[in-house]
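> My questions are about this predicted structure, shown below with the sequence.
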Amino acid sequence: MRLPPLLHVLLFAALLSALPLFGAAPARADDSAAAHAFNPAPNGKPGMRFGHYTFALLWEPGACLAHDQLAGPDCATRTPADLRSRQWSLHGLWASTPAELQARHMPDPTWWRYGCYWYRPDHAIPQGSCSNAALDLPPPLHARLWTAMPAAAACLDRHEYFKHAACLGFQPAPFFSQALELLDAVNANPFTAWMRAHRGQTVSRAALLEAFRRSFKLDASAALELRCGRREGARREDVLVQAWMTIRGDRLKQFPAPQSFMPGRRSNCAARIFIAR
């Protein structure tokens, strides 16, 4: 039977509307990973729920040695006696892929690249962090954040908020207050004391992971991803720059209790790691 031309158009339009953005078949609500995302986004939209956070910490001496762009402009004045040389600094607190993008089969690396910038016209990523609007934070919180995040002087605070928090409904002040509470908990933990005691030394990756596991009373170290950089002229990525901890979205308030952690990704560090001072 020959279909009327108008019906052809309607059927074609319906087919196009059913196609997912990333080319995979649409997921059913009962088997999508998005259906199991358990952290309600602050904006209350079910589609913006997500499963976990990555809490990104910066080891400032290592960043200055192997990744000074991330460390910020203060590397020239930093000394081993400075507080930022003896404990972790804040990089960010990153939500995992929102449910609505999981349902459309967005690959995780795409979310890692764009984050909330995905929701901007043409998915535009700012040319530089300082092109984001300045954050309106209470003066005491602003001062505390800039101490804990040295690269805020290069607008890292703006980048972290607008890429990792704004589209989910977080407001700047509570978002950074929460991140700083997590940072304080880590820096008060024996893990940071172990790091401080081993500054200027090369340790085994296994020993560092074991120190993390033991300090946080965990059964395994799978929640910690170590990120290393390479010194100029070196062949191996063996300078510790960052530590990324994976935290369950529904257990953030319980951090650093063992049940708040969940397995994350594997580290990129060499078998022997240098902890700069």
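Sure, I can see it.
> May I see the buried residues of stretch 254-271?
The neighbour-count check on stretch 254-271 (16 or more other Cβ atoms under 10 Å) flags 255-256, 260-262, 264, 267, 269-270 as buried. C-beta coordinates here come from the backbone N, C-alpha and C atoms, glycine included.
> Return the member of these nearest to residue 190.
Closest approach to residue 190 among the buried residues of stretch 254-271 (Cβ to Cβ): residue 256, at 10.9 Å.
> residues contacting the closest one?
By Cβ atoms under 8 Å, 6 or more residues apart in numbering, the contact list for residue 256 reads 182, 185-186, 189, 216.
> Need the buried ones from these selected in ChimeraX.
Selection of buried members from those for ChimeraX, criterion 16+ other Cβ under 10 Å:
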select :182,186,189,216
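> can you put the contacts of residue 256 in CSV and add distance to residue 131 and pLDDT?
Listed next are these as CSV, based on distance: Cβ to Cβ, whole Å; pLDDT from 0 to 100:
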residue, distance to residue 131, pLDDT
182, 27, 98
185, 33, 98
186, 31, 98
189, 36, 98
216, 38, 98
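> would you turn the contacts of residue 256 into a markdown table with secondary structure?
Shown next, in a markdown table, are the contacts of residue 256 (DSSP: H, G, I helix; E, B strand; the rest coil):
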| residue | secondary structure |
| --- | --- |
| 182 | helix |
| 185 | helix |
| 186 | helix |
| 189 | coil |
| 216 | coil |
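> Tell me which two in the contacts of residue 256 are the farthest apart.
Spatial extent of these (Cβ to Cβ) is set by the pair 182 and 216 at 12.5 Å.
> Check the gap between the nearest residue to residue 71 once chain neighbours are set aside and residue 229 for me.
Spatial nearest neighbour of residue 71, excluding adjacent residues (Cβ to Cβ, 6 or more residues apart in numbering): residue 63 at 3.6 Å. Between residue 63 and residue 229 the computed distance is 8 Å (Cβ to Cβ, to the nearest Å).
> Secondary structure of residue 237: a helix, I assume?
No - read with three-state DSSP, residue 237 is coil and lies in no helix.
> Count residues in the vicinity of it, would you?
When neighbours are counted by other Cβ atoms under 10 Å, residue 237 registers 19.
> Now do the same contact list for the spatially most central residue of the chain.
Closest to where the C-alpha atoms of the chain average out (Cα atoms, centre = their mean) is residue 94, at 3.5 Å. When contacts are counted by Cβ under 8 Å, 6+ apart, residue 94 touches 53-56, 115, 164.
> I'd assumed residue 74 was in contact with the residue nearest to residue 71.
No - counting by Cβ atoms under 8 Å, residue 63 does not reach residue 74; the two are 10.5 Å apart.
> Could you check which of these two has the larger neighbour count?
Shown here are residue 63 and residue 74; by other Cβ under 10 Å, residue 63 has more neighbours (28 against 16).
> does that one sit in a helix or strand, and which one?
Using DSSP states H and E, residue 63 sits within helix 60-66.
> List the buried residues for the helix or strand just after that helix?
Downstream of helix 60-66, the first helix or strand assigned by DSSP H and E is helix 68-71. Across helix 68-71, burial judged by 16+ other Cβ under 10 Å covers 70-71.
> which neighbours does the helix or strand that helix 68-71 is followed by have in its sheet, and in what orientation?
Scanning forward in sequence from helix 68-71 by DSSP H and E, the next helix or strand is strand 89-95. Paired with strand 89-95 in the same sheet, following DSSP bridges, are strand 52-58 (antiparallel).
> Return the alpha-carbon coordinates of the strand it pairs with using PDB.
This file holds the C-alpha atoms of strand 52-58, laid out as PDB (Å, rounded to 0.1, in the frame of the first residue of the first chain):
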ATOM      1  CA  HIS A  52      29.300   9.400  42.700                       C
ATOM      2  CA  TYR A  53      31.800  12.200  43.200                       C
ATOM      3  CA  THR A  54      35.500  12.300  42.400                       C
ATOM      4  CA  PHE A  55      37.200  14.300  45.100                       C
ATOM      5  CA  ALA A  56      40.400  15.700  43.500                       C
ATOM      6  CA  LEU A  57      43.300  16.700  45.700                       C
ATOM      7  CA  LEU A  58      46.500  18.400  44.600                       C
END
